[in-house]
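1. Here is my input; please provide its structure:
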Amino acid sequence: MTVATTYYFIESPHGPTAVLDWLRRQDDVSQEFPKDGAMMLCFRGAGQLGRKANGEFDVSLSPLVTVVPPKVRRGALWSVGEVHFLAKNAASTFPLLDSIRRRFEKWLGSHPIVFDQGDPQGDYAYYLEGSIRNIAPKVFALPSGLDAIKSEQYFIAHDDNDFVLDRVCQALRLRGIECQ
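-> A predicted model of the protein is given here:
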């Protein structure tokens, strides 16, 4: 059984995302669906869309890729972007989607890793706050993200709640960084 895969990346939230652009350039992308601040890309050439009883897409039974782009949070924080390949048994059920996932992994892997749970004290771990270090096995840096983290930009998980953000902002204020 193929396990769902999530990739994490840092990139500027100001302007287009290179991750979304890369996925859009794939030959088999046919439709895009915005959902809760994310973008779902459908690769119809890979198979049929699965649906739940309520009519919503079932991402575990569909050739969909979800991209959660980086956002500015609390004025001083950028969220880490995410790419979700959530189809079950993608290698056998959606081989074309699995091929796209493998190509994407290779492309993303050509960018520097700024955090690896295998080396949690790496050069840039200091700038990853909130829950991101607990959930992301690796965080890759696209050029704008690498420039930002080298300039001491702080990053958090996209779904960190207000309680977590309050704690992060309190810690950042002690470091002299304004956070709303």
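2. Please make it C-alpha for all contacts and neighbour counts, starting now.
-> Fine.
3. so the residue nearest the centre of the chain, which of the three states?
-> Geometric centre of the chain, nearest residue: residue 82, 0.8 Å, by CA atoms, centre = their mean. Under DSSP: H, G, I helix; E, B strand; the rest coil, residue 82 falls in the strand class.
4. Okay, now the unreliable bits of this protein?
-> Applying pLDDT under 70 to the chain flags the ranges 1-3.
5. returning to what we had before: if I look at the residue nearest to the centre of the chain, how far off is residue 178?
-> Using CA to CA, to the nearest Å, residue 82 is found at 26 Å from residue 178.
6. do residue 107 as well
-> Residue 107 sits 35 Å away from residue 178, going by CA to CA.
7. Quick check: end-to-end length of stretch 53-60?
-> Termini of stretch 53-60 sit 14 Å apart (CA to CA).
8. try stretch 24-35
-> Taking CA to CA, the first and last residues of stretch 24-35 lie 17 Å apart.
9. So what's the gap between it and the chain middle?
-> Mean-position distance between stretch 24-35 and its chain equals 16 Å (CA atoms, centre = their mean, to the nearest Å).
10. can you pull the buried residues of that stretch?
-> 24, 28-29 (16 or more other CA atoms under 10 Å).
11. quick one: which of those residues is nearest to residue 155?
-> Nearest to residue 155 among the buried residues of stretch 24-35, counting by CA to CA, is residue 24 at 25.4 Å.
12. where along this structure do the strands fall?
-> For the chain, strands defined by DSSP state E occupy the ranges 5-10, 31-35, 38-42, 64-68, 72-73, 77-79, 81-85, 113-116, 138-141, 154-156.
13. helices and strands around the second one, which ones?
-> In this case it means strand 31-35. strand 38-42 (3 or more CA pairs under 8 Å, 6 or more residues apart in numbering; DSSP states H and E).
14. Next: the first one.
-> In terms of contact count using 3+ CA pairs under 8 Å, 6+ apart, strand 5-10 is assigned the packing partners strand 81-85, strand 138-141, helix 143-150.
15. Return the most buried member of the ones you listed.
-> Comparing the helices and strands packed on strand 5-10 on average neighbours per residue, with mean count of other CA atoms under 10 Å, the densest one is strand 138-141 at a mean of 24.
16. which parts of the longest helix that the chain contains are buried?
-> For the chain, the helix with the greatest residue count under DSSP state H is helix 95-109. Judged by neighbour count (16+ other CA under 10 Å), helix 95-109 contains these buried residues: 96-98, 100-101, 104, 108.
17. From residue 174, how far out is residue 10?
-> Residue 10 is 24 Å from residue 174, by CA to CA.
18. When the two are compared, which one has more neighbours?
-> Comparing residue 10 with residue 174 by other CA atoms under 10 Å, the one with more neighbours is residue 10, at 28 against 9.
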